[in-house]
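Peer 1: Let's see this in three dimensions:
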Amino acid sequence: MLNPSLIVSIVRKGWGNTVLEASVKAGATGGTVLLGRGAGVNEKESIFGIPIEPEKEIILTLVQENEIDAILQEIVRAAELDQPGHGLAFVMPVKKVLGIPHMND
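Peer 2: A predicted model of the protein is given here:
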């Protein structure tokens, strides 16, 4: 895989599959959904006055450098990341990838 990058999307619980489907629709070959917890300035939920940490889904999507913008745009649209408290996405460079012979073109 030439110039691989990792798109990391962190969204509200239940939205991981939406992000995964959107990224595949935009050209990604798949992704991995992980569960997590976190809180941000727009997430101050509590139950009976006890603060809770909202559950999150973290989607890891390995892509070619030339696919980043199209896939990221579709993720933002599908997960409504332009709205406060809906999540975020960022891109990281990847130095080496092994175990994906179907992407080594």
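Peer 1: Please go through this structure and pick out the longest helix.
Peer 2: With secondary structure taken from DSSP state H, the chain has its longest helix at helix 68-79.
Peer 1: where's the residue of the chain positioned farthest from its centre relative to residue 38, distance?
Peer 2: Within the chain, the residue lying farthest from the chain centre (C-alpha atoms, centre = their mean) is residue 48, at 31.3 Å. Distance, residue 48 to residue 38, using C-beta to C-beta, to the nearest Å: 21 Å. Any C-beta I mention is one placed from the backbone N, CA and C, and that applies to glycine too.
Peer 1: for residue 67, same thing?
Peer 2: Separation of residue 67 from residue 38 (C-beta to C-beta): 27 Å.
Peer 1: These two: who's more crowded?
Peer 2: Higher neighbour count among residue 67 and residue 38: residue 67, with 17 against 12, using other C-beta atoms under 10 Å.
Peer 1: Hmm, that one is touching residue 29, no?
Peer 2: No. Taking contacts as C-beta atoms under 8 Å, residue 67 lies outside contact range of residue 29: 9.6 Å.
Peer 1: quick one, helices of the protein?
Peer 2: Using DSSP H, the helices of the chain run over 16-25, 68-79.
Peer 1: Do me a favour and average the pLDDT over the shortest one.
Peer 2: When you say that, I think you mean helix 16-25. Mean per-residue pLDDT for helix 16-25: 97.
Peer 1: could you dump it to CSV, C-alpha only?
Peer 2: The C-alpha coordinates for helix 16-25 follow below in CSV (Å, rounded to 0.1, in the frame of the first residue of the first chain):
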residue,chain,number,x,y,z
GLY,A,16,-20.1,3.2,14.2
ASN,A,17,-21.9,1.2,11.5
THR,A,18,-23.1,4.4,9.8
VAL,A,19,-19.6,5.6,9.6
LEU,A,20,-18.3,2.2,8.4
GLU,A,21,-21.0,2.1,5.6
ALA,A,22,-20.3,5.7,4.6
SER,A,23,-16.5,5.1,4.3
VAL,A,24,-17.1,1.9,2.2
LYS,A,25,-19.5,3.8,0.0
